[in-house]
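Colleague: just need the structure, nothing else, for what follows:
(3 chains)
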Amino acid sequence: MTAAAAPRQEGSGRSVLATGLLVLPAAVWYLLLLVAPLFIVVVFSLGEKARNGGYTPALTLDNYGQVLARPDPFVDSLRLATIGTILTLLIALPLAYFIATRAGRHKGLLVLLLVIPFWTSFLIRAYSWLIILGPRGAAGFIGDMIGEPAFRILGTDVGVMIGMTYGYLPLMIFPLYVTLERMDRSLVEASKDLGAGRWATFRQITLPIILPGVITGSILVFIPMMGEYVIPAILGYGRTFLIGNALVLDFLEARHWPAGSAKAVGLIAVMMVSITLYLWFLNRGRRTREVSVL
Amino acid sequence: MSAPAIPAVPSARVRAGRSWPRAGFGGLVENAFRAHAILVYAFLYLPIVVVIVFAFNANRLATIWTGFSTDWFGVALGNGVIQKAIQNSLIVAFFNAILATTFGTMAALGLQRVPRRLRMAFDVLTYVSIIVPEIVIALATLVFFATAFDFINPVLAAASDGGAAMKLGFGHATIVAAHVLFNTSLVLLLVRARLSGMDRTHVEASYDLFATPWRTFVQITLPQLLPAIVAGFLLAFTFSFDDYVITSFVSGPGSSTLPLYVFGQVKRGVTPETNAVAAMIFAFTIGTLLIGQLILARHARRTGSRGSDASVAGMITEAR
Amino acid sequence: MRFEQPGITREEERDVADQDLNRLLARMARTKVNRRSFLAASGLTGTAAFLAACTGGGGATNPPASGGGASAAPGDGSAAPSAGPVESELFIYNWSDYIAPENIEAFQAMHNTTITYDTFANNEELLAKLQAGGSGYDIACPTAEFLPAMIEDGFIEKLDMSRIPNMQYMDPTLLSQKWDPNNEYHVPKDFGTTGILVRKKIVTEPLESWEDFFNLAVGKYSGRVVLVDSLGDVLTMPLKMLGYSLNETDPAKLAEAKQILTDLAPHVLALDSDTYQDKLATEEAVLCLGWTGPLLELRDNPETADTEYLVPSEGSLFWLDVWVKLADAPHPNGSYEWLNWIHEPEIQAAETEYNGYATPNLEAKELVSEELLNDPAIFPPEDVMPNLEGADPDQTDNPDRISLWADFKSAIG
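Modeller: Next up, the predicted model:
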C-alpha cells in the first residue's frame, strides 16, 4: 500500500478491534464459501471416481498425473486469454481515460450506461452476435464485398475475440476508471508547464498513477478468460476445446470429479504462480511498493 | 482536492512555446478520444438493438426475420414463470450487491492496517476466489452447503421439540451467499485500487484537527472512495443478475433466476419471447434512469445546488 | 506465499483413520456413494471427523439425502405413506417448455395446488447437482439412461405402481429396457430419435444412411455440416456405419470409429446442440446430426420448409425421457397424483400436441392428430423401430469413449 497509514488514535486496542471488525465479514465469507469448498476440491482431487460418477474416498495422486495428459486445452486457453486481455485493455483504456477526464458532469451516466447492456441475459446477447456476425449479417456483407461467399467471422478466432472483448469490457473499464478518475490533473498541467513533452508526461506522471488500475483490470479480465468456454462454444462454433470445456467434460459428462478437481487445483496453482511472478516483476526495482499484491 | 476544470481551449497552454502542428495534434487527439468513446458505446449497444428488433420477429426461430409482430410481448407479459424468474433475479442481485459492496469496502479499509502477512493471505484468497473456475466452485459450494445442512437440520429439528422445525434448504439465501463471495472480491479489488492512489494528506490533516475516525471516514475517505464503491455495487449487481453456473447448482425450488430460465429455453430453441423480456427490462432500466435524471435535475434547479450534484452522475463522481 | 495446511497433527489423523476406516469400508461396500461418503473421507484427514461422527453414525443407513422435517419414505417404498390429499405445492424439475401450460393450469385448479416449474439445461447438470447434495424437488424428468445412476445413488426409489394405474397404457416395446428392467422406478414421458436433418433444397443427392452422410460431409458439403455437442449421439454415426452397437466399448472397435471421426473432423462446421436450427435456416449448414425438436419450426417457415429428417438405414439412437419421483420429495401425494394424471389419455395427447414429441402412451396415441401420427420424424414408423437402440446406461461415462470424444473435439478447429 502507498505511503503512510493514518496516524493512530490513542488506544490501539480499539483500533485493532475496529480493524478486526472491518475485515471480519469478508473473512468469514472467504472461510466458509471459499476455503471450505476449496478444501473439498482438494479432497476430491485425491479421491477416485464413484461407480456412477462423483467422488469416492481414496488417497491417490493419479489424478494429478493425468492433468498434463492433454496440454492443448491449456495452451489454447492461454492464447485466447492473452490476446483477449490485450485487446480489451487497448479498447478500454482510452474510453476510461475519456470518461474520467473529459466527461465532466456526465461521468456517472456514462459509467452506468456501460453496465446496462449486461443486464440483458448473456445468452441473448451472444445470440445477437450470431445474427450480427453471421452469414446474413457482417460476414455476408463483407463476403460480398470481397467476393468470397464462404467468408466467415463466426467459428473463427475473430468471432471469439469479439465476443470475449465484448463480455469483459466493463471488468477492464471499471478498475481503469476508478484509478484514472483519481488522477490529479494539476500534476499533468504542471508537467506540461515545465516543458515536458506529451510522452514524457504520460510515462512519468500518468502511467504510475494508472498502473494499479491497469494491473487490476488485466488480472480481472485475464483470469476469467482462462476459464471461459461458453463464448467460444457459441461464437466459435465449439471448434476450440479449452480448459473450461475440459472441466465441464470431467465434472458433467465423465462425472469424474477427482480428475476435474485435480485440473482445477493445477489451474489455480499455475495462475497464482503466474500472478505472483507478474507482480514481483513489476515491483522489482521500485523503492516504494506502489503496486502491492494488487 | 478536486481536479481543476479542464481549460476550455486545452491547446491554448500547449500552443505557447510550441509549434503549430502540436496544437493541431492536440485537437486531433481530443476528437480521437471522443470518436473512440462513441464507437465503444455503439459496440456495446449494437447487440441490444438487435435483441430489441428481433423481439418483434414474427417467427419462432429467433434468428431469422420473417415479419413484424408484437405478439411475443404479450406472451412474455402473460408468462408467470418468467416474471417469477425476473423477480428472483432482482432480489438475489440486489441483496448480493448490498452485502458484497459492504463487505468489500469494509475489508479494503481494514486491510490497510492489517499486518503484512495477514494481508497477503487475504490477497491470496481474493485472487483464488476469482481464479477458481465457476463449475468447480459451484459444485464444491453445493457439497459444502449440503454437508452443512445435513449437520444443522437435525440439530434444528431436535431443538424445536416436535414442532415445525426450521429447515435449511436451497433457495435465495444460498444463491446470494455464493454470489457474495465472488463479488466481495471484486469490490475489494476496486476499492483497494482506488485507495492505493488516494491522497493521504487530507486524512492526516483531519486527524491533526482532532476529528474522530468516524468523521474522518465519512467526510474525507468515503467521498473519495464513492466512485469505486458505486462502481463495485453496479458490477456486483450485474454479475449476480447474469450468473448461470453457480446459480444453477445452488438454487432450489422456486428460486430459479432469469439466466436459468433462458439457458433452459435453449433446449427448445430461444424464442423471441426471451428477446421481448430483455427488451422490456432494458426499456424499464433506461426509463428509470431518465426519470431519475429528470427528477434530480429539477430538484437541483429548485434548490440551486451545484451542477455536479444535480444528477445521477453527481452521485457517482466525488462530492465536492 | 505459503498456503496453510488444515491444522491437524499426524497422531490425530492416524487415530481417526483407524476408527473411521472400518466404518467407512463397511459402508462403502454397499457402493452407495454420495456426499455422505465425502464426510467420511474428510474424517480421514481429521478435519471433518467431527462432522462424520455426528451425522454418519446417527444418520440413516439409507443414504438418501436430507435430514430433519417430514420427508418421503426411505428405502424401497414398501412403507410408502398411504394415499393422502394432494399437498398445496408441487415442485417439478424439468426441461424447458416440456409440459403443456393448459395441463399445468388444469392440475393446479383440480387440486388447489401450486406447481413450481423449474428448468435444467441438461441431464449431466441434473445428476451432478443431485450427487453434490442439491435437491428439494418432487418430480424430475431425466433421460432414461441416467436412471441407473440415480437409482444406485439413492436419489430415486421404487414407485408404488398401484398408485399409477395409467402405466397400463404404456407401449411395452419401450418398457423393460436396460435402464429399468422391472419398470419399478420410472414413468415414461416422451421418446424420439437421433438422426439426420437436411436441407433438401440444396442437398439433392440421395441420402439414406450414415455412410451417405459421411461421404457428403467430407465431400461436396464440407464445412457445412453441424453435429450436436453430445458424445452418445455423435458416436452413433461411426459405430453404426461399422455395423457395431452404438454402445460399443471394445477399444479396437472404438479405434475404428475414431478413425472415421478423425476423417470427419476437418469438415465439421460446428458442434452445436442449441442453435443448429439457426445454422440450417441460414443455410450455413445443410447437413446436421441432430434431433427432431427444431424440425417443426423449420418446416412451418416457408423459407426453410424443405428441411427433412431421417433415421439412417444402419440404425440410430432412440431416447426416452422419463418422469421420476425423487426420494426426498417433500410432496409425495402430489407427486403420485401427477405421475398418474399426466398419463390420462386426453392429457397425454395434449402434451404431444404441445411439445411435438412422441408419446409412449398407446391409449393417448388414439387421440393424437393424424398429422403428428403420420410424421415419421415424430412417431418412428414400424420398420424403423427395430433399428433403434437405446443408450446403455453403463457406457455414458466410459473412459475410452470419453477420451475419444475429447480427442475429436480437439481435432475440429
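Colleague: could you list every residue that touches the nearest residue to C:W95 once chain neighbours are set aside?
Modeller: Excluding the flanking residues, the one nearest C:W95 by C-beta to C-beta, 6 or more residues apart in numbering or on different chains is B:K267, at 5.5 Å. No exception for glycine: its C-beta is placed from N, CA and C like everyone else's. Counting by C-beta atoms under 8 Å, 6 or more residues apart in numbering or on different chains, B:K267 touches C:W95, C:S96, C:A121, C:N122, C:D274, C:G293.
Colleague: excluding residues flanking it in the chain, which one is nearest C:L207?
Modeller: C:V198 (5.9 Å).
Colleague: and the strands in the stretch 101-250 of chain B?
Modeller: In the stretch 101-250 of chain B, no segments count as strands under DSSP state E, counting those that start in this stretch.
Colleague: where does it have low pLDDT?
Modeller: Within the stretch 101-250 of chain B, the stretches with pLDDT under 70 are B:162-165, B:197.
Colleague: ok, the strand or helix carrying C:T236 near chain B or not?
Modeller: For C:T236, the element it lies in under DSSP states H and E is helix C:231-241. No: on the criterion C-beta under 8 Å from any C-beta of the partner chain, helix C:231-241 is out of touch with chain B, staying 13.9 Å away.
Colleague: check what contacts whichever strand or helix holds A:G143 and list those residues.
Modeller: Using DSSP H and E, A:G143 falls within helix A:138-146. Under the contact criterion C-beta under 8 Å, 6+ apart, helix A:138-146 has outside partners A:I132, A:L133, A:G134, A:P135, A:P149, A:A150, A:F151, A:R152, A:I153, A:L154.
Colleague: by neighbour count, which of these wins?
Modeller: Counting neighbours by other C-beta atoms under 10 Å in any protein chain shown, A:L154 comes out on top of these with 27 neighbours.
Colleague: let me see the contact set for the closest residue to that residue other than its chain neighbours.
Modeller: Among residues not flanking A:L154 along the chain, A:L133 sits closest, at 5.2 Å (C-beta to C-beta, 6+ apart). By C-beta under 8 Å, 6+ apart, the residues touching A:L133 are A:A139, A:I153, A:L154, A:G159, A:I162, A:L235.
Colleague: please verify my assumption that the last one contacts A:W129.
Modeller: Yes: at 5.9 Å, A:L235 counts as touching A:W129 under the criterion of C-beta atoms under 8 Å.
Colleague: which ones are touching C:E256?
Modeller: C:P238, C:L242.
Colleague: pull out the buried residues from the strand or helix carrying it.
Modeller: Using DSSP H and E, C:E256 sits within helix C:251-264. Using 16 or more other C-beta atoms under 10 Å in any protein chain shown as the test for burial, helix C:251-264 gives C:K253, C:L254, C:A257, C:K258, C:I260, C:L261, C:L264.
Colleague: any common contacting residues for A:L235 and A:W129?
Modeller: Joint contacts of A:L235 and A:W129 (C-beta under 8 Å, 6+ apart) are A:L154, A:G159, A:I162, A:G163.
Colleague: of those, closest to A:A50?
Modeller: Taking C-beta to C-beta as the measure, A:G163 is the one of the shared contacts of A:L235 and A:W129 closest to A:A50, at 36.2 Å.
Colleague: what's the end-to-end length of stretch C:133-146?
Modeller: Distance between the two ends of stretch C:133-146: 17 Å, counting by C-alpha to C-alpha, to the nearest Å.
Colleague: centre-most residue in chain C?
Modeller: Residue closest to the average C-alpha location in chain C (C-alpha atoms, centre = their mean): C:T143, at 2.3 Å.
Colleague: averaged pLDDT, stretch B:49-66. What do you get?
Modeller: Across stretch B:49-66, the average pLDDT comes to 81.
Colleague: pLDDT score for the residue in the stretch 51-200 of chain A positioned nearest to chain C?
Modeller: Here the residue of the stretch 51-200 of chain A nearest chain C is A:P57; by C-beta to the nearest C-beta that distance is 3.2 Å. As predicted, A:P57 sits at a pLDDT of 89.
Colleague: touching, it and A:G47? I think so.
Modeller: Yes: A:P57 sits in contact with A:G47 when judged by C-beta under 8 Å, with a separation of 5.6 Å.
Colleague: helices or strands up against the strand ranked longest in chain C?
Modeller: In chain C, taking DSSP state E as the definition, the longest strand is strand C:316-325. Contacting strand C:316-325 under the criterion 3 or more C-beta pairs under 8 Å, 6 or more residues apart in numbering or on different chains; DSSP states H and E are the following elements: strand C:139-140, helix C:147-152, strand C:187-193, helix C:231-241, helix C:332-341, strand C:388-390.
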